[in-house]
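Participant: Got a predicted model here, sequence first, then my questions.
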Amino acid sequence: MQIEGGRDRRPDPSDEAPPVGDDRGVLRSGAALIADGRAFEAHEVFESAWRRARAEQGADADFWQGLVLVAGALHHADRGNERGRAALLERAEAKLESAVATGGPHAGRASAVVATLVEHGTSPSGRAALIEVLRSDRVAE
């Protein structure tokens, strides 16, 4: 973290993020940030994709919002906020299940993320499995 004006300033995740619209790049960037223990920054990267999808009224908006909420849940878990973690995880699962139900462009990956969360939650093994799902080229979209 950098000190700016006497306050901590986190690095801007957009400095590392791929261009908006590069979905594979966004997924890999978010996975890398989660792997580095930077869930808040992953949240920011996923939020950029969600804002684009929402503005375009894209069928993938629920998928991206689900990932925003998953990253937020991981951030709360890192800070020991169990209530915040549980609340965001519940909302994330609902958004991702909606993405599966609507059959959007990331329905297969949304299904895999939900299965990972149900099986592992935000445990270390859950994070590792989530990172693999986000990075994988083998997940059906």
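Facilitator: Received the coordinates, thanks.

Participant: And the longest helix along the chain, what does it pack against?
Facilitator: Once the chain is assigned using DSSP state H, the helix that runs over the most residues is helix 82-102. The elements that helix 82-102 packs onto, with contact taken as 3 or more C-beta pairs under 8 Å, 6 or more residues apart in numbering; DSSP states H and E, are helix 61-78, helix 107-120. Where you see a C-beta, it was placed from the backbone N, CA and C, and this is true even at glycine.

Participant: Of all these, which one is nearest Arg54?
Facilitator: helix 61-78 (4.8 Å; C-beta to C-beta).

Participant: just to revisit the earlier point, just name the most buried of the helices and strands packed on helix 82-102.
Facilitator: Most buried of the helices and strands packed on helix 82-102 by mean neighbour count (mean count of other C-beta atoms under 10 Å) is helix 61-78; its value is a mean of 25.

Participant: Run through the neighbouring helices and strands of that helix.
Facilitator: helix 23-35, helix 39-55, helix 82-102, helix 107-120, helix 124-135.

Participant: The second one - contacts with which helices or strands?
Facilitator: Judged by 3+ C-beta pairs under 8 Å, 6+ apart, the packing partners of helix 39-55 are helix 23-35, helix 61-78.

Participant: so can I have TSV of those showing distance to Arg91 and mean pLDDT?
Facilitator: Shown next, in TSV, are the helices and strands packed on helix 39-55 (distance: least, C-beta to C-beta, whole Å; pLDDT from 0 to 100):
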stretch	distance to Arg91	mean pLDDT
helix 23-35	18	95
helix 61-78	5	97
